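**Q** no FASTA, just this:
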């Protein structure tokens, strides 16, 4: 089980690190909000697509932001271009 979790985490990191636009800038990707301070990158986890559970509401659920080049699993929070909430 642990191997599967590590493999999935590694593939998300690889996927995130490969997302570049033609001009070399990181392409924004979705990050699921895990709780805590909304301004800290460690409060988010990279996802490969928009989280299904983010259907609207009043609680932050996910943001679309550029990945941190040093840690693609975390966003550059101030590059956020979109956010979605859940109930």
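**A** Good, I have the coordinates. Here the structure is a predicted model, which means the values were calculated and not measured.
**Q** show me what contacts the most centrally placed residue in the chain?
**A** Nearest residue to the geometric centre of the chain (CA atoms, centre = their mean): residue 31, 2.0 Å. Counting by CB atoms under 8 Å, 6 or more residues apart in numbering, residue 31 touches 44-47, 62-65, 74-75. Every C-beta, even on glycine, is put in place using the N, C-alpha and C of the backbone.
**Q** would you list those in CSV and tack on neighbour count, secondary structure and pLDDT?
**A** Below are these laid out as CSV (neighbours: other CB atoms under 10 Å; DSSP: H, G, I helix; E, B strand; the rest coil; pLDDT from 0 to 100):
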residue, neighbour count, secondary structure, pLDDT
44, 24, strand, 97
45, 17, strand, 96
46, 23, strand, 96
47, 17, coil, 95
62, 21, strand, 96
63, 23, strand, 96
64, 17, strand, 96
65, 24, strand, 96
74, 19, strand, 96
75, 26, strand, 97
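**Q** so which of those comes closest to residue 82?
**A** Set against residue 82, the nearest of the contacts of residue 31 by CB to CB is residue 64 (4.0 Å).
**Q** re earlier: name the element the residue nearest to the centre of the chain belongs to?
**A** Taking DSSP states H and E as the criterion, residue 31 maps to strand 29-33.
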